[in-house]
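1. sequence-free structure coming up:
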């Protein structure tokens, strides 16, 4: 299991480096090659995480919580990198759209407005409508990207909450086994309660940020 964990962390580092290359690339061919390489490595990570889940269940009971936490951290890092990939792809898409719009504007032949028999002027709004629709789609994609990042953060917080609960149970069990005083046990419980408040506070702040971003972008 240790060997697989090490290999998985190496793949995570490689993806991080590939994302930097993808972000800095300036041509579509390089973009395509980078996305293909990154997608293949994400597939490797998914398969590795599935194998790690099986190996965690085979670990001794006393080592299982720690092993599961390490696997959960890898999954969180993978989701974070996937969100980063979506963000970079969205920026490149917006850049390409801006370049196409600029090229169309440079090569457009402007003609006088149409005037009917009554002298009324008609303005063609098709281009404006199309531009508004494209901007609206880009905004929706950006909101979806932020929601994906927030969802990954909430999943991580929920996982950490479960880990805190398991750690709390094991600490109380060990304290009883070692015959520690009730004062020490209560101190541990108070610390656990404060950790829960921090966890829920972080989740609340994340939800508020999501709401503000949604209102601001839409």
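-> In hand now; what should we look at? Remember, it's a predicted structure, so these values are computed and weren't measured experimentally.
2. quick one: the strands in the chain?
-> According to DSSP state E, the chain carries its strands in the segments 114-115, 121-122.
3. give me the neighbour count for residue 91.
-> 13 (other CB atoms under 10 Å). All C-beta atoms are positioned from the backbone trio N, CA, C, and that covers glycine.
4. for residue 25, see how far away it is.
-> From residue 91 across to residue 25, the span is 12 Å (CB to CB, to the nearest Å).
5. same question, residue 69
-> 36 Å.
6. same check, this time on residue 152
-> Applying CB to CB to residue 152 and residue 25 gives a distance of 25 Å.
7. OK, contacts around the closest residue to residue 75 other than its chain neighbours?
-> Of all residues beyond its chain neighbours, the one nearest residue 75 is residue 49 (5.8 Å), with distances taken as CB to CB, 6 or more residues apart in numbering. Shown in contact with residue 49 (CB atoms under 8 Å, 6 or more residues apart in numbering): 8, 71, 74, 75, 78.
8. give the buried residues for stretch 3-17.
-> 5, 8, 11, 12, 15 (16 or more other CB atoms under 10 Å).
9. go on, stretch 206-213?
-> Those would be 206, 210, for stretch 206-213 by 16+ other CB under 10 Å.
10. average model confidence for that stretch?
-> If you average the pLDDT over stretch 206-213, you get 73.
11. could you do stretch 33-52 as well?
-> On average, stretch 33-52 scores 91.
12. next one: stretch 99-110
-> The model assigns stretch 99-110 a mean pLDDT of 70.
13. excluding covalently adjacent residues, which one is nearest to residue 53?
-> residue 71 (6.6 Å).
14. neighbours around that neighbour, how many?
-> With other CB under 10 Å as criterion, residue 71 counts 21.
15. before we move on, what about residue 52?
-> Neighbours of residue 52 using other CB under 10 Å come to 21.
16. spatially nearest residue to it (excluding sequence neighbours)?
-> Residue 52 sits nearest to residue 71 (CB to CB, 6+ apart), 4.7 Å away.
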